[in-house]
Structure formats: structure tokens, C-alpha cells
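# quick check, what structure comes out for this input:
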Amino acid sequence: MEQEIDLALADRSQLLQHIARLEKDNAKLRKINKALIYRVESGMADNGNSFTIFQVSAELEKRIQERTHALERAMNELKTSNIALEEARLAAEQANNRLGVAVDTIADGFAQWDQHDRLVRFNQRFVELQPALRRHVRSGMQFAEYLDHLADSGSALEALGQVDCWREQRIQLHRDSSGSYLEALSDGRYLRISERQTADGGRVAIYTDISEIKRQEQRLRQQDQAAHRQLLEATVNSLRQGIAVFDHHSLLLAWNHRFCELAGLSPAILRVGQALPASAEIPLLCPVNGSYEVETVSGLVLEIESCPMPNAGFVITCSDVTARKRDELALRESESKLRLITDALPALISYVDKDQIYRFTNKGYEDWFGLPVQEINGRTLREVLGPALYDPRQHFVERALAGVSSVFELKMPAPKRSVEYAQAAFIPHIGEDGVVHGFYALIQDITQTRRAEQVLTQAKQELELRVTARTSELRRANSRLQEAIVAAEEANRSKTRFFAAASHDLLQPLNAARLFVASLAEREARGENMRLVQHAASSLEAVDDLINTLLELSRIDAGAIEVECSHFHIDQLLRQLSIEFSPLVAERGLSLRSHLCGAVVYSDWVLLSRILRNFLSNALRYSEHGRLLLAARRTTEGVLVGVWDQGQGIPADKLAQVFEEFQRLPEHRAMCSKGLGLGLAIVKRLATRLQHRLEVRSQHGRGSFFGIVLPYGEQAAASAMPRQQEGISTVLPSELQGLTILLIDNEPAILAGMTTLLSGWGCLPLAATGLDEARALLGQLSRPPDVILADYHLDHGASGPQVILALCHQLQLKIPAAIITADRSPEVAAEVAGEGWSLLSKPVRPARLRALIGHLGKLALQQRDS
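Alright, predicted model coming up:
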């Protein structure tokens, strides 16, 4: 507000100066105008320039009017400025009044000094805090005068006796105006003075009475000191040592309770500044730095230590060492008993310290050397043994002093000739701090043992001669046994090769037969012919199941099935099996219920699904009514998963037979003619391969339970559905119409069956037995075939993948292809997967073959479109 008033005053002054200049110019113009009019009027008769003079007069009149208008505008501006100045003055007075009210309402003292250190404004609190200055404080008072009055009144405590120093310090603090400082008053009060510099170079100071805060600080400090003193007293009194402090005249200054107990004194008779009573059981010897022991009348042994203090006094500490003294006495007695025992032992025992000095020897050791104990203990090993005996032992001595035990044998060329051989043991003595303090030496006579060993060595040599002869005989027998083992292994390999070849040879004609039957079934056969076809297909299906089951058993027994365990939710597998078997269960007039538990298991998804499908198939096959339960529940051993049924059940004495090959109970055979008795045998082998435990419970006539115990898995690592088998998609006949399919197989019957079946589906099959025939067929085609189906094993050592690659190279086109083979080895599967082809196992199921061709046909169509 003051700045606005100053600006208004400056504008008003400039405006007044401008008006004064305009009035002065206006007066000059009027004089000139008047002179010109006079000259015109007086010289009109004589001069002919009257018109010119008139023009000049008119011009002058115009300028006078302009100046007059300018003067009027300036007067208006001056009037406006005066009004603004009056408003600013009123606002300044109002702001000043408000500032005064605000200053008076401040709880602390307030004082404002201008740039010349004159007191400009202060409030009533400023005077109340310094009552001695009540008559002297006024506006306009200099800061130095204020300090003089404060010093003369005696209010400033620090100014007493050193006014000049205090005055200089206060002036310096006043000039800095960068913080706050304390002012101690003589009446016990404290003022915190906070000063700040204003924009015009002045000072503003706030005076705060902090006397109560200082008093609280003092009380807290005293309480803290009292607490520390009590803590120190409690600490000293809690010590197990007696402590007493004396001055240089041996007068008591302080003590603790333990000192009174050890001295046999009552705390009530002790006084500060008095000497120790004569009745004290602690003799006060010369107060020098040292320690001594005394025995009191009550039988206590005290260790007293005296330490001088810097002020010529001293401190004594009393420790009860009665127990230690008793322990030392007991130790000496124990040592005496130990020596009695070691002297009676038939061995040489000694203890050597870290400096290789004897510290203890038993009587046997002393008798062996023929020296008294005084000439052994306290001397070094080298001095007692001599170089001839010490040098061979030096390595073991150094190992023992390094903390390593050693056991070794030595000969004793010593005075006692009866001791010829000895066994020495050097055992290090390691303290609680891990430092080796020495070692124990134990030397035992093994002369008789050595002589007995010599006799045993001679007997051993004779025995070795006998063993050598017997070993030759065993070696010959072992050679014959090894030849028998090799022959057995070769027979086993031959059996494996024969079984693989037989399985392949069986599957080849079976595959052709199924193809022919499938072709016949898709034709319009009716009546008796259709029933005959269905019976033939059912028989072939049974043969297929038997061969596949036998193959699976052989693969399990040979360890060819790989186990790929993973963490997954068992509920997902149970839901999938429930959906899969629900139609079959409903068709049999039964009901299927599932019970889920939300557990995560660790197993192989595919192998476990085979086990559970077998359980469900058996329960469905041998149940005539009731319901089936597929459930999982948590147990302490793992997750128990299985199938409960309400069928005929199994007698208790026949439970073990159901897991054997080709075993079917008579009552089960009567209920269902199907089945080979191999399903549960596969289950047992798969469970063994998975290392899972099977559980079987049954009540004859009421039902059975087949289950398996699975280990718990990790929730965080559980996957969605690992290793699911691909489903068979349904393919419409229209999707196969017109597809050109190149068939490659070395069996003419299979080619004929495939050709018949594919022709019935509307395809254009081309049959070839090898690469040459396939190339000849390609030369007759106007465009490449859509799909290639090839057997893996062909004639003359060729393979299906080789032929497919050669044809694709010839055509410069990657044709969708599939390998159809009876070889189920993992090597074949890996080779086919590496080329990106599909794999179909023989004997071929028509539905799966149709789905495969439909899938490959779609790929061929996409290639043509691209």
C-alpha cells in the first residue's frame, strides 16, 4: 500500500510540473498575440501586408487554442490524480490501522526498526516482556539507545559486568538478522528473539517468552540425571563384585551392597567421608595398584584389587574366589588321581605344550627313559629324545601342533629291549577359542601284535597259493557261465526281433483285410451280407486289439514307453473321461457320477488316462445295473483316483489273479464274451512304470473299486492339459471328392485294399510299389497329386520318407504327405515329425484314415490357392 501511495505522489508531482510549463507557454503566446494585433491595427494604413498579418494572427490564435485545450486536459488529469491520491491515502491509513491492530493482537512481542535503526512500530506485548523499559520505549528511539536502557535497568543477565561485550554482540546479531537467539533476563525469564530484514533495509523482531520451556527442559534434564544416577547405582549393586571408592585420606566416598556383604558390614553403619570400620573383614592395605587374597572369618576367600584414581583416591574391588579355590584344590586332587590311573596303564602317556616342552609324563614314560620326572618335564622334546629319536617324529609333532591327529608306528631302540615295536598317537589339544595349546602322546607296545602278524603273513602266503588254484577253477567256471549269459542275451534279442517282425508281418495282412472289409461295409450290402461284413469287421477288430495289446505289453516290458510327468489338475482329466464315457454308460442303462477334489497331481497325463479308461471300461463291461462313480479324494499319501461300480464284484481269493495276463474269472466271462484278460495286466505294468501304487477293494456280489494313488503336484507349475491325444475330426464325403492320392506300399494286397476304399470315398488313387513306379505315374499326370500316403519299410532297403523327399524334389513342390507303418518305434516317429508329416499306425482304422486324408486335402487346397 505504501508503494502505491509513493507512485501516486510521483505521478502527481510530474503532472503539476507539466501544467506549470503549459501555463507559462500559454502566457507567452497571449503576449505575442496581443503584440501582433497591436501592430496590425497601427500599421494598416501604411502597410499593404494586412492580409499576411491577419493570417499570422489566425495561426497564432489556433495555437493558443490548442495550448488552452492541452492545459484543460492537464487540469482534468490533475483533478483525477488528486482523487486517486486521496483514495490511496485513505487506503494507506486503513492498511496502517489494520497493521496496528494485527501487531497488537500478536501473542509475542513485536518491534520494527527502519533502515536507520529507529523504532518505527511496536506492540504492547513488547513492553510487557521488558517492564523495566516501560517509560523509555517510544517511536523513533535508536536501537543503541534501547540497548543502553536495557543494560542500565539490569534486565539483561549477560550484560551484568560486561556491558560493552554484550552490547557489541547484540548489535552484531541485530545486523545479521539471519536467525534467532536467546536473551536471559535477570528475573529468571528467557526471551527468544527472532529478527528478519525487511525490503527497505529495516528490521522486524519477534520477542517470545520461553521461560516455561526452559524450566521444563531443566526439569527433564534433572529427571534424566536422576534416572542415570539410579541406573548407575542399580548397575553397581547388581555386580557380583564388591566395589568401594576411597579418597586420598582413605575415607569412603561410595560403595555397593555386595561390598557390605563381603566385608560383613551393615549398610546402615557406613557413612560417606568416614573411614572403613575396624570390624570390616576386608583389610584395607596400602592403596596401590595391585591385588591380594585374604580369607575372612566366615571362611570366604576374597581377591581384592586396588586401582588408583586420577584425584589421588583409589577404588577397590572384592571378588569371592572361594569356589575357584575349591576347584583348584579339587583339580589338584583330580590330577593326583589321574596320575595314579595313568601310571597304572600299560602305555607311555605324556603331554607336550605348543613350545614342544614336556608338561606331564606318566610313570611308564619315566621308567622307559630311566629318568626322574624332574629331568623330563620342563625340557623340550629334542633335549629328552635326542636327534636320533626326535627327527623321525618331528613331522608328526608339527602336524599335531597344527591341529591334525596322527597315528604311526615306530621301532623302539631304547633301553627296554622287550619293547621292539610301538604304535604312537599324537592328539592335538584344541581350546575353546580354536587355538592349539599342545598335544597328547600315547605310545603302546605292539611287539606281540607284530610278531603275530608275521606268523599270519606266512599263513597268508600259503593260503594265497591255495586261492590261486581255486581261482583258476572259478575262472574257468565263470567263463562257461559268461558264455551262457551271452547266449541267453542273444536269444532274448532274437526273440525281440522275431516279435517285432512277427508283429509287423501280422499287421500287414490285417491292415489289408481291414481295408477290404471297410470297403465292403461302405457299399450297399444288405441283409445277410451286411451281417457277415459286420462279423468280419468285429473279428478283425478283436485281432487288432489283441495285437496292439501284445505290442503295448512288449513295449512296456522293454522299457520303450517314455514317461513325461507334469503338474496338472486331476479334475480336468476326470471331466474329460466323464464326457467321453457318458454316452456309453447311458447306452448300457447305467449312470456315471464324478466327484472332483481340486487337487494338483504330478504324473503322466497320457499313461494315467489309459489306466483310468481301463478302469471305466471294466466297470462298464461287468456292471449290469446301478451306477458308476469316477472320483478323486485327498489322502495323506497322495490323491486317490479310481472307479467304484455296483457290479458282481470279485471274490477275495481271486483279487490277485485279475492283474495277470489272459486271466478272466468264469463269472465275468459269462457276463461279457469280449475281453482278452490283458487290460489290468497293462494297468499293473503302467503303474509300475509310473511308480504309482494301485488299490483294489471288492465285495463279491456288491461291487468293486479300482484306484491308483498319485503324488501331489505344485499349484504354481500346473499346466492346462498336457500331452492330450489328438481327436478325430469328422470329414464329409464331399470333402474327399476328386482328390488325387499317390499310394506307395510294397504289399500289393494293401495297395488293392487302399485303392478300393479310397475309390469308394470318391478319391482318385494311384498305386505304386516303389520310387520308379511312382515317377512313372507322375509322368502320366497333368498336375501333381494332392496327397502322398507311403509305407515306411519298402523293398530293397528303401523307406517311405526317402521316396517322398525324392518326389517332392522332382516336382519342386512340398506335397502334403503321411507315413502309414506298423513300426511304432520312437525313432520312426521322430523322423516323421522332423519332416512335418503325419503318422498313422497299422492296422489302419477307416475313420482315422478319412480324417487324415481330409486334413491333408485341405492343406493341398490351400497350397493351390496360394
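# use CA for all of it now, contacts and neighbours both
Will do.
# for L276, give me phi and psi.
Main-chain torsions, L276, degrees, to the nearest 10: phi -70, psi 130.
# let me see the ranges of the strands in the stretch 251-400 of the chain.
Ranges of strands within the stretch 251-400 of the chain are 252-255, 290-295, 301-308, 314-320, 347-353, 358-361, based on DSSP state E, counting those that start in this stretch.
# name the helices or strands packed onto the fourth one?
The elements that strand 314-320 packs onto, with contact taken as 3 or more Cα pairs under 8 Å, 6 or more residues apart in numbering; DSSP states H and E, are strand 242-246, helix 257-263, strand 301-308.
# what strands flank it, and is each parallel or antiparallel?
According to DSSP bridges, strand 314-320 forms sheet pairs with strand 242-246 (antiparallel), strand 301-308 (antiparallel).
# what number of residues lie near D164?
Other residues within reach of D164, judged by other Cα atoms under 10 Å, total 12.
# so how far is the one helix or strand R775 maps to off the chain centroid?
If you go by DSSP states H and E, R775 is part of helix 771-780. Relative to the chain's own centre, helix 771-780 is displaced by 65 Å; criterion: Cα atoms, centre = their mean, to the nearest Å.
# buried stuff in the helix or strand just after it?
Downstream of helix 771-780, the first helix or strand assigned by DSSP H and E is strand 787-791. By neighbour count on 16 or more other Cα atoms under 10 Å, the buried set for strand 787-791 is V787, I788, L789, A790, D791.
# cool, and stretch 745-762?
Quick answer for stretch 745-762 (16+ other Cα under 10 Å): 745-747, 749-751, 753-758, 760-762.
# cool, stretch 606-616 as well?
Residues V606, L607, L608, S609, I611, L612, R613, N614, F615, L616 are the ones in stretch 606-616 that count as buried (16+ other Cα under 10 Å).
# likewise stretch 180-200?
Of the residues in stretch 180-200, 180, 183-185, 189-197 count as buried by neighbour count, 16+ other Cα under 10 Å.
# equivalent analysis for stretch 313-328, please.
Quick answer for stretch 313-328 (16+ other Cα under 10 Å): G313, F314, V315, I316, T317, C318, S319, D320, V321.
# could you dump those into TSV and include pLDDT and distance to N123?
Formatted as TSV, these follow (pLDDT from 0 to 100; distance: Cα to Cα, whole Å):
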residue	pLDDT	distance to N123
G313	80	60
F314	84	62
V315	84	62
I316	82	65
T317	84	66
C318	85	68
S319	84	70
D320	82	73
V321	82	76
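# make JSON lines from those residues and add distance to L231 to it.
Formatted as JSON lines, the buried residues of stretch 313-328 follow (distance: Cα to Cα, whole Å):
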{"residue": "G313", "distance to L231": "24"}
{"residue": "F314", "distance to L231": "22"}
{"residue": "V315", "distance to L231": "20"}
{"residue": "I316", "distance to L231": "21"}
{"residue": "T317", "distance to L231": "19"}
{"residue": "C318", "distance to L231": "21"}
{"residue": "S319", "distance to L231": "22"}
{"residue": "D320", "distance to L231": "24"}
{"residue": "V321", "distance to L231": "27"}
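# which one of the buried residues of strand 787-791 is nearest to H855?
Nearest to H855 among these: V787, at 10.0 Å, using Cα to Cα.
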